[in-house]
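Student: fold the following, please.
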Amino acid sequence: MAGRNGLFVPGPTNVPDRVLRAMVVSMEDHRSPKFPALALECLAGLKKVFKTQTGTPFIFPSSGTGCWEAALTNCLSPGDKVLIARFGQFSHLWVDMCTRLGFEVEVLECEWGEGAPLDRYQHALEADTGRTIKAVLATHNETATGVTSDVAGIRRAMDTVGHPAMLFVDAVSALGSIDFRMDEWKVDVCVAGSQKGLMLPAGLGITCVSEKALEARRTTAKQPRCYFDYLDQLNQNKNGYFPYTPALSLLYGLKEALKAIEEEGLENIFKRHTYLAGGVRAAVHEGWGLKVCAKKPEWYSDTVSAVVVPEGFDGAKVIDRAFRRYNLSLGAGLSKVAGKVFRIGHVGDMNELMLLSAIGGAELAMLDNGIKIEPGSGVGAAQKFWRAHEAEASGTTGGM
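Tutor: Coordinates of the predicted model:
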């Protein structure tokens with residue numbers, strides 16, 4: 001098919017050309033005296049992205065799912081109780097992992113499209129008078145539904161009742177794109193991956209761990225673990241090495257991606273994502289007259305919008321037509337929202353012109369499926385939004 005594929009799934013995301021070039025390197029000895037300079041620069045750069053002075057970043061050759069498992073197995077013991085809200089596919093998968101690893105799981109069931117229920121978290125923690133809950137789990141940005149939750153609010157709920165549980169946060173589709181504050185929010189483990197806001201191919205599980213979580217690993221946690229052992233990483237990382245063969249090319253890419261993030265500035269990146277997401281939502285609401293899956297504006301995600309197709313239409317067919325006819329990749333609806341939505345990812349290396357192609361392609365695919373929208377309506381609404389809010393972007397848009 002002629003032309004470049006338009007990649008607008010919420011991960012993997014577009015990799016900037018400068019990052020691609022940085023990864024084209026010859027293989028080298030990862031035990032050489034030269035290697036620590038690369039590893040230590042990457043680890044130091046990640047601390048800035050996590051907004052932490054005291055946390056310890058780790059890089060695993062895995063996906064973010066590996067870091068989920070690392071959080072659970074390093075910090076907990078067999079049969080420990082965890083508290084988690086389920087409101088989308090990825091929070092569901094974390095629940096599934098907890099169950100399969102043998103933990104006792106208290107699940108706060110929510111409608112898909114809602115965010116983390118702060119009051120229900122607080123009530124559950126208040127009711128836990130015996131302090132049997134050892135960890136509170138939260139998905140910062142639920143990729144399946146386009147919902148961002150208030151992690152700071154969950155921490156306030158924990159502190160309000162004085163609960164000593166650890167706080168684990170899945171920030172896979174948030175880190176580097178939506179504001180995350182490891183130290184301020186007293187997060188004990190943050191889980192992320194390379195293929196979204198960090199603008200790399202998939203393959204690196206990236207996590208950051210508090211001193212409290214490391215102390216749990218050293219003293220109380222009895223859950224078996226091997227590959228994902230924090231202490232194995234810690235002992236090797238302090239000298240700039242890894243306990244096993246690292247993903248060398250991806251580390252060079254990470255070094256360059258962190259440099260690009262620092263050049264633009266994290267706060268500018270957050271503004272850019274908010275500004276671009278606003279244009280996509282204007283296309284959905286004002287242009288097409290449709291809805292997003294997120295139930296309230298306070299939950300709207302700045303990295304992905306899940307567009308609800310009209311009753312009687314199949315979102316999967318829109319996605320299929322977009323790919324086969326227009327070489328456009330849109331995100332599929334997952335599990336409970338399969339066929340009900342299609343997703344537009346607006347995360348990472350992204351600007352207005354790129355998103356206009358996604359909006360225009362989605363319009364064509366919807367029209368081809370008989371969905372009655374006005375051609376160009378979404379494109380026009382997005383343009384109007386961006387022109388009206390250009391000052392809010394602070395000149396931060398543009399590809400890298």
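Student: next, the residue positioned nearest the centre of the chain: secondary structure please.
Tutor: Residue closest to the mean C-alpha point of the chain, counted by CA atoms, centre = their mean, is residue 173 at 1.3 Å. Under DSSP: H, G, I helix; E, B strand; the rest coil, the three-state class of residue 173 is coil.
Student: surely it meets residue 198?
Tutor: No. Taking contacts as CB atoms under 8 Å, residue 173 lies outside contact range of residue 198: 10.9 Å. Where you see a C-beta, it was placed from the backbone N, CA and C, and this is true even at glycine.
Student: and the residue nearest to the centre of the chain, what does it touch?
Tutor: Taking CB atoms under 8 Å, 6 or more residues apart in numbering, we find residue 173 in contact with 10-11, 141, 143, 196-197, 301, 303-304, 347.
Student: got it, and residue 117?
Tutor: Applying CB under 8 Å, 6+ apart, one finds that residue 117 lies in contact with 85, 108, 110.
Student: most surrounded residue in these?
Tutor: Using other CB atoms under 10 Å as the neighbour definition, the contacts of residue 117 reach their maximum at residue 85, which records 27 neighbours.
Student: you'd agree that one is in a strand?
Tutor: Yes. Inclusion of residue 85 in a strand is indicated when three-state DSSP is applied.
Student: what's the closest non-adjacent residue to it?
Tutor: If you skip the residues right next to it in sequence, residue 85 has residue 108 as its closest partner in space, 4.1 Å away by CB to CB, 6 or more residues apart in numbering.
Student: which one of the contacts of residue 117 is nearest residue 188?
Tutor: Within these, proximity to residue 188 (CB to CB) peaks at residue 85, which comes in at 17.1 Å.
Student: I figured the closest one was touching residue 112, is that so?
Tutor: No. Under the criterion of CB under 8 Å, residue 85 makes no contact with residue 112, lying 11.4 Å away.
Student: if we can go back for a sec, now tabulate the contacts of residue 173 in CSV and tack on neighbour count and secondary structure.
Tutor: Formatted as CSV, the contacts of residue 173 follow (neighbours: other CB atoms under 10 Å; DSSP: H, G, I helix; E, B strand; the rest coil):
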residue, neighbour count, secondary structure
10, 26, coil
11, 22, coil
141, 32, strand
143, 27, coil
196, 28, coil
197, 29, coil
301, 32, coil
303, 27, coil
304, 31, strand
347, 29, coil
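Student: export those residues to a markdown table and tack on pLDDT?
Tutor: Putting the contacts of residue 173 into a markdown table (pLDDT from 0 to 100) gives the following:
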| residue | pLDDT |
| --- | --- |
| 10 | 96 |
| 11 | 96 |
| 141 | 98 |
| 143 | 97 |
| 196 | 98 |
| 197 | 98 |
| 301 | 98 |
| 303 | 98 |
| 304 | 98 |
| 347 | 98 |
